[in-house]
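**Q** starting from these lines, generate the structure:
(2 chains)
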2 protein chains.
Amino acid sequence: MNSEQLGQQIELAHGSGGKSTYRLIRSAILPALKNPILESLSDAAVVDYGAGRIALTTDSFVVHPLMFSGGSIGKLAINGTVNDLAVSGAQPRAILLSLIVEAGLPMDVFLREIQAIAEASRIATVPVIGGDTKVVEHGKGDGLYITTTGLGIVDPKVNLSPQRIKPGDQVIVSGPIGDHGIAILLARGEIELEANLRSDSRPLWPLIKAMISVHPSAVKWMRDPTRGGVATTLNELSREIKMGVVLFEEMIPLREEVRGACEILGLDPLHIACEGQFVAIVEKDLLLEILKELRKVPGGEEATHIGEIREQPAGVVLAVSSYGGSRRVDMLIGDPLPRIC
Amino acid sequence: MNSEQLGQQIELAHGSGGKSTYRLIRSAILPALKNPILESLSDAAVVDYGAGRIALTTDSFVVHPLMFSGGSIGKLAINGTVNDLAVSGAQPRAILLSLIVEAGLPMDVFLREIQAIAEASRIATVPVIGGDTKVVEHGKGDGLYITTTGLGIVDPKVNLSPQRIKPGDQVIVSGPIGDHGIAILLARGEIELEANLRSDSRPLWPLIKAMISVHPSAVKWMRDPTRGGVATTLNELSREIKMGVVLFEEMIPLREEVRGACEILGLDPLHIACEGQFVAIVEKDLLLEILKELRKVPGGEEATHIGEIREQPAGVVLAVSSYGGSRRVDMLIGDPLPRIC
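**A** Numbering: from 1, shown residues only, chains lettered A, B, ... in the order given. Next up is the predicted model:
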């Protein structure tokens, strides 16, 4: 099905629930995402599961622009949601997809994003088992907003809980931070910078699975630092556990393009969103073992130790440098980078 | 927490993922929706379930205006999603909530909708266990869009499948149709009509539970006829089962206000959205028993027999009247009523 048969652009009628919706779903969405549960087109997708713990997460994606180096809203919407499951220690199993489309969106763009969703879903090996499509008038949206919900099965071996964190535990990150946020700024043309930077959007489960397969109980906490970056994520943690999180400034992996863009814009890389990295708190004794496991997995080569948990300063994230300086790293304040995801 | 402490309106920073988001969630959202799973504020909500079948559904709500007689977008977003579970034979158990807010939305309106969500969630006895909040620039949304995802446990006694439908099975509806769609038109001021009509938005599980508790296997198929109305829902069914659905025109329950508005606007009430009714296909032998059970439940008093399944005309919905006339009822074509839900 190409855009000629469907019309050149999305019209309000595509959201009516009637004939145009029926045609759009049958000819453009189902063939791209096909699987038996989705094809039943029932009001709810029904899945069989044995006893166990289920993880559920939902996120709306409003990234602007829709396409950027290394990805697009459709890819982001799948990877963002499967990663929220992965950092919860859950194997992603199913995705639900809800689209809010602005009337006038070129049909080619709509179909391209359906393909991006289909491809990301294949790469993450997580089927889209249900969804919804709404259309709003031109001027009441911004092309396409996507809400994805993920269901995962919690790996019974993991035991993630901030209550298990103790002084001496170590902080690791799966790779260089800030690529996604800066890639979006570049796509908006907001900075003049010759940079060959791509969003890091990717599914994290393969990395996390490798780590928890070998040392499940040594991993105490994980998050993917998206909006607000590593700084915000770790500030939430430090407040919750009432301990200090100390980061070793020079050890934080950072591409030159991200460092350069942050210097130009006066931003702290620790506030810049990642879409394909995780931060974890792990037991000190197994730190090196865990890094070794991560680095064996394709895409995990740059996993790095970046800090540790200390009793003091309680509730605070501190970045220390090797020459002895230290600075308090706060949560992101205001929103210098709106609609990053 | 009132709007003075939060600021008078939603700002882009409320969607940053940083400090403003943290404050909005902690002070406005968590207190209204509180439950232990939500309060963990983890990336994914984790729930324990025994073996069984899980139903999942997602829907975006873009209704305009945000408030109308009998409800608002928040109430609709909860009831719409729990009803998609209910008509799948699943007891609603948990809701995930994702908000796309337009910068500039008055804080009072935001807080009012959080309260509406909280109240609908209490009435439906389904907790909101997770969510997300994004903010888009003024002019890139329309106040508030809500995506809700529901998880339910399929009642092991039910056996819903269009493949079980046979000629002679009967069509029932839980009450008068079209109230929601016409209530929205009235709220928009698009028709001059003195009408005391309220949206029918309500949770359907109590009605459906009563019906399937007594005669689980006699119920073969259920849907809630929202966008596109009863006509679209039954057209989808007739095409799938390749049988005819015959409706007895005079038996279809309809309030005078809905009939009048449809006459003025040249609309077919069968195309008008309901948000608190279901259509079901049931075994002929148990038709009266099932209606008796439904009518015992508060809100089920107007449940009615409205048609039957016949071999012919295959794939078609036909409305017949007592004086012998008949007309083909098609799916909704175009979208005379955009953004009804």
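**Q** what angle do the strand ranked longest in chain A and strand B:90-102 make?
**A** Looking across chain A with DSSP state E, the single longest strand is strand A:90-102. On the basis of axes from the mean of the first three to the mean of the last three C-alpha atoms, to 10 degrees, strand A:90-102 is oriented at 50 degrees to strand B:90-102.
**Q** quick one: check strand A:90-102 for contact with chain B.
**A** Yes: contact of strand A:90-102 with chain B (C-beta under 8 Å from any C-beta of the partner chain) involves A:90, A:94, A:96, A:97, A:98, A:99, A:100. In this view, the C-beta of every residue, glycine as well, is placed from N, C-alpha and C.
**Q** quick one, what contacts the third one?
**A** So the one you mean is residue A:96. A:45, A:128-131, A:148-151, B:56-58, B:149 (C-beta atoms under 8 Å, 6 or more residues apart in numbering or on different chains).
**Q** and chain A, what are its domains?
**A** According to automatic domain parsing, chain A comprises the domains A:3-154, A:162-329.
**Q** buried deepest among those, which one?
**A** Ranked by mean neighbour count under mean count of other C-beta atoms under 10 Å in any protein chain shown, the domains of chain A are led by domain A:3-154, which reaches a mean of 22.
**Q** avg pLDDT for that one?
**A** What domain A:3-154 shows for mean pLDDT is 91.
**Q** and after the longest helix seen in chain A, which helix or strand comes next?
**A** Assignment by DSSP state H gives helix A:107-123 as the longest helix of chain A. Next in sequence after helix A:107-123, counting helices and strands by DSSP states H and E, comes strand A:128-136.
**Q** and the helix or strand just after that following strand with chain B, contact?
**A** The first helix or strand that comes after strand A:128-136 along the chain, using DSSP H and E, is strand A:144-154. Yes: judged by C-beta under 8 Å from any C-beta, strand A:144-154 comes into contact with chain B through A:145, A:147, A:149, A:150, A:151, A:152, A:154.
**Q** so what strands line up beside strand A:144-154?
**A** Neighbouring strands of strand A:144-154 in its sheet, by DSSP bridges, are strand A:52-61 (antiparallel), strand A:90-102 (antiparallel).
**Q** which residues of the stretch 151-300 of chain A fall in helices?
**A** For the stretch 151-300 of chain A, the helices defined by DSSP state H, counting those that start in this stretch cover A:179-187, A:205-214, A:229-241, A:256-265, A:287-296.
**Q** just checking, what packs against the third one?
**A** What it means is helix A:229-241. strand A:219-223, strand A:244-248, strand A:279-282, strand A:317-320, strand A:326-329 (3 or more C-beta pairs under 8 Å, 6 or more residues apart in numbering or on different chains; DSSP states H and E).
**Q** just the CA atoms of that helix, as CSV, please.
**A** Provided in CSV are the C-alpha atoms of helix A:229-241 (Å, rounded to 0.1, in the frame of the first residue of the first chain):
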residue,chain,number,x,y,z
GLY,A,229,19.8,13.4,31.9
VAL,A,230,22.0,11.5,34.3
ALA,A,231,22.0,14.4,36.7
THR,A,232,18.2,14.4,37.2
THR,A,233,18.0,10.6,37.5
LEU,A,234,20.7,10.4,40.1
ASN,A,235,19.3,13.3,42.0
GLU,A,236,16.0,11.5,42.3
LEU,A,237,17.9,8.5,43.6
SER,A,238,20.1,10.4,46.1
ARG,A,239,17.0,12.1,47.6
GLU,A,240,15.2,8.7,47.9
ILE,A,241,18.1,6.9,49.5
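**Q** contacts for it?
**A** A:162-163, A:165, A:171, A:173, A:177-178, A:181, A:221, A:223, A:225, A:244-245, A:247, A:252, A:268-274, A:279, A:281, A:309, A:314-317, A:329-332, B:17-18, B:22, B:41.
**Q** report the angle between that helix and helix A:179-187.
**A** Computed by the same axes, to 10 degrees, the angle separating helix A:229-241 from helix A:179-187 equals 140 degrees.
**Q** what's the closest non-adjacent residue to the residue most central in space within chain A?
**A** The centre of chain A sits closest to residue A:80, judged by C-alpha atoms, centre = their mean, with a distance of 2.9 Å. Of all residues not flanking residue A:80 in the chain, residue A:59 sits nearest, at 5.5 Å (C-beta to C-beta, 6 or more residues apart in numbering or on different chains).
**Q** equivalent analysis for residue A:223, please.
**A** Residue A:223 sits nearest to residue A:233 (C-beta to C-beta, 6+ apart), 4.7 Å away.
**Q** separation between that neighbour and residue A:127?
**A** Distance, residue A:233 to residue A:127, by C-beta to C-beta, to the nearest Å: 29 Å.
**Q** do residue A:23 as well
**A** For residue A:23, the distance to residue A:127 - C-beta to C-beta - is 23 Å.
**Q** just residue A:16 next, same as before
**A** 27 Å.
**Q** before we move on, what about residue A:211?
**A** From residue A:211 to residue A:127 the distance is 25 Å (C-beta to C-beta).
**Q** repeat that for residue A:334.
**A** 39 Å.
**Q** about what we covered before: including distance to residue B:70, could the domains of chain A go into CSV?
**A** Supplementary listing: these in CSV, determined by distance: least, C-beta to C-beta, whole Å:
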stretch, distance to residue B:70
domain A:3-154, 20
domain A:162-329, 36
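**Q** just to revisit the earlier point, Throw the helices and strands packed on helix A:229-241 into JSON lines and include distance to residue A:263, thanks.
**A** Shown next, in JSON lines, are these (distance: least, C-beta to C-beta, whole Å):
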{"stretch": "strand A:219-223", "distance to residue A:263": "26"}
{"stretch": "strand A:244-248", "distance to residue A:263": "18"}
{"stretch": "strand A:279-282", "distance to residue A:263": "23"}
{"stretch": "strand A:317-320", "distance to residue A:263": "16"}
{"stretch": "strand A:326-329", "distance to residue A:263": "16"}
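**Q** would JSON lines of those strands with distance to residue A:12 and mean pLDDT be doable?
**A** As requested, the helices and strands packed on helix A:229-241 are exported to JSON lines (distance: least, C-beta to C-beta, whole Å; pLDDT from 0 to 100):
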{"stretch": "strand A:219-223", "distance to residue A:12": "39", "mean pLDDT": "96"}
{"stretch": "strand A:244-248", "distance to residue A:12": "49", "mean pLDDT": "98"}
{"stretch": "strand A:279-282", "distance to residue A:12": "43", "mean pLDDT": "98"}
{"stretch": "strand A:317-320", "distance to residue A:12": "47", "mean pLDDT": "98"}
{"stretch": "strand A:326-329", "distance to residue A:12": "47", "mean pLDDT": "96"}
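**Q** closest one to residue B:192 among these?
**A** Distance to residue B:192, taken as C-beta to C-beta, is lowest for strand A:219-223 among the helices and strands packed on helix A:229-241, at 54.9 Å.
**Q** can you tell me which residues contact residue A:300?
**A** The contact partners of residue A:300, taken as C-beta under 8 Å, 6+ apart, are A:174, A:175, A:207, A:210, A:294.
**Q** whoops, I mixed them up, residue A:197
**A** Residue A:197 sits in contact with A:69, A:70, A:179, A:182, A:183, A:186, A:255, A:257, A:258, where contact means C-beta under 8 Å, 6+ apart.
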